[in-house]
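# need a structure here:
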Amino acid sequence: MIARHDRYGERIDDDDVVPTAACIRCGRPLAPGNLSQIEAECRPTDERCLGNRANLEQENGSLTTWTRQSAGRRAAERYRWPMEQFRRGELVFEVIDAGPADGPVVVLLHGFPEQNTMWQPVISRLTAQGYRCLAPLQRGYSAGARPPRRRDYRISELGEDIRTLIDASGAQRVHLVGHDWGATVAWRVAQQFPDRLLTMTSMSVPHPGAFLNALVTSRQGLASWYIYFFQLPRVPEWYLTRGRGSFTLSGFTASRAQHAPALAEAEAKAMAEPGALTAALNWYRAVFLSDPRETGKKVTVPTMFVWSDGDIALLEKGARACGEYVVGEYRFEVLNGVSHWILDEQPDTMADLLLDWFAAHPAASSSI
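Model prediction:
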């Protein structure tokens, strides 16, 4: 007999029980509990339930007990809780998964040159209120998801990564939050997959249409000098490492190190991993490979944009124009005297804003 293994490398035997607390029909994660919880069944009318057809087949006598257990096992593996990784094709992404398995899902996206650990101060606040937080280490930052070509970092690919994560979470709709480049990815997901979102929150970066307009009509073009600089091959890597092979804390991250030195140092160490810095810079290098027709597409989901007036990289004109590109509910918050590194300087303020925003847009029971 050929041994079978799940996607985590664990051997699957035919007499295995379902390894994770989950509905045996739809595979959605449940809080750890007894066997009756693991074998609980969803309502027959639940459209999310992947096991509805299997249940009908069983009623018709065409589905064996072994097949039923296997279907439940596969579904439980798909929605394993807590999630440590998720896959998209050959790419493997690391994930922080915190909070109750059955809580409303919040997806948190980091930017450059950040790591997903930047969200820990907010995660503790959100999970205390019953939210399940997923913070992926995104493409190029996860060692197992670091493709070599710059075209692999187009915004369309980055957005598909997050849709795959939402699918893997078992949630139909989530609250999506992003900072810096993570915000740009959040805008893309809101444009392309609005049916998967309860809300979208962008920190620092306005809608791409507003940003592009500001880029050619205001001082934003000068403030974004680094985007052009990063298009050069090899030179940005040398400059940021100063030829020493370790990401410098000067320049881009100097102000951040003042407020969160340990986090900045850890992220500098991560950028020093082989190929990590080039992969992160490829996000910028793929900008001109993306379809410009998608840039101005307006967003329909409830959107909150949080901008800080001390941000030297993202200036006021684009921020003020952001609302013109949102046709759904829109909320604009300005943090006075705060730099680009909002979470480092005002984590509690940001957590309060998110909790208030999420509470105003609760997930229906059929959407979790």
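# which phi and psi does the nearest residue to I123 once chain neighbours are set aside have?
Spatial nearest neighbour of I123, excluding adjacent residues (C-beta to C-beta, 6 or more residues apart in numbering): C133 at 4.6 Å. No exception for glycine: its C-beta is placed from N, CA and C like everyone else's. The phi/psi pair for C133 (degrees, to the nearest 10) reads phi -110, psi 130.
# could you measure C133 against P82, distance?
Distance of C133 to P82, given as C-beta to C-beta, to the nearest Å: 10 Å.
# about what we covered before: I figured the residue nearest to I123 was touching L108, is that so?
Yes - at 6.1 Å, C133 and L108 qualify as touching, with contact defined as C-beta atoms under 8 Å.
# Can you pull the residues that touch both of these two?
Common neighbours of C133 and L108 are listed as W119, V122, I123 (criterion: C-beta atoms under 8 Å, 6 or more residues apart in numbering).
# buried set for stretch 177-196?
For stretch 177-196, the neighbour count (16 or more other C-beta atoms under 10 Å) marks 177-193, 196 as buried.
# what are the ranges of the helices in the stretch 51-200 of the chain?
According to DSSP state H, counting those that start in this stretch, the stretch 51-200 of the chain carries its helices in the segments 52-59, 65-78, 120-128, 155-169, 181-192.
# helices or strands up against the longest one?
Right, the one you point to is helix 155-169. Counting contacts by 3 or more C-beta pairs under 8 Å, 6 or more residues apart in numbering; DSSP states H and E, helix 155-169 packs against strand 85-88, strand 91-98, strand 105-109, strand 132-136, helix 181-192.
# Please repeat the previous calculation with a cut-off of 10 Å.
helix 65-78, strand 85-88, strand 91-98, strand 105-109, strand 132-136, strand 174-179, helix 181-192 (3 or more C-beta pairs under 10 Å, 6 or more residues apart in numbering; DSSP states H and E).
# Out of those, which gets nearest to Q346?
Judged by C-beta to C-beta, the one of these that comes nearest to Q346 is strand 174-179, at 12.1 Å.
# Next, the angle from the closest one to helix 155-169.
Angle, strand 174-179 to helix 155-169, by axes from the mean of the first three to the mean of the last three C-alpha atoms, to 10 degrees: 140 degrees.
# Run the chain-centre distance for strand 174-179.
Distance, stretch centre to chain centre, for strand 174-179: 7 Å (C-alpha atoms, centre = their mean, to the nearest Å).
# Paired strands for it, with orientation please.
Note on strand 174-179: by DSSP bridges, its sheet partners are strand 105-109 (parallel), strand 197-203 (parallel).
# What is the burial count for the residue nearest to P147 when sequence neighbours are not counted?
Once flanking residues are discounted, P147 sits nearest to L91: 7.1 Å by C-beta to C-beta, 6+ apart. L91 has 17 neighbours, counted by other C-beta atoms under 10 Å.
# same check, this time on L197
Neighbours around L197, by other C-beta under 10 Å: 23.
# count of residues packed around the residue nearest to I123?
For C133, using other C-beta under 10 Å, the count is 24.
# so it sits right up against L109, yeah?
No - the criterion here is C-beta atoms under 10 Å, and C133 misses it with L109 at 11.6 Å.
# what touches both of the two?
Counting by C-beta atoms under 10 Å, 6 or more residues apart in numbering, the shared contacts of C133 and L109 are W119, V177.
# So, low pLDDT: which residues of this structure?
Low-confidence segments of the chain, defined by pLDDT under 70: 1-80, 243-255, 365-368.
# per-domain residue ranges of it.
With domains defined by automatic domain parsing, the chain comprises 4-78, 85-359.
# okay if I get the helices and strands packed on helix 155-169 as TSV plus distance to K317?
Formatted as TSV, these follow (distance: least, C-beta to C-beta, whole Å):
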stretch	distance to K317
helix 65-78	45
strand 85-88	36
strand 91-98	35
strand 105-109	24
strand 132-136	31
strand 174-179	20
helix 181-192	17
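# Let me know which of those is the nearest to E160.
Per C-beta to C-beta, nearest to E160 of the helices and strands packed on helix 155-169: strand 85-88, 7.1 Å.
# what about that closest one, distance to the chain center?
Taking the mean of its C-alpha atoms, strand 85-88 sits 12 Å from the chain's own mean (C-alpha atoms, centre = their mean).
# Listing partners with orientation, what would you give for it?
Take DSSP bridges as the rule and strand 85-88 pairs in its sheet with strand 91-98 (antiparallel).
# quick one on the thing from earlier: quick one: contacts for the residue nearest to P147?
Going by C-beta under 10 Å, 6+ apart, the list of residues near L91 reads R139, S142, G144, A145, R146, P147, D152, E157, D161, T164.
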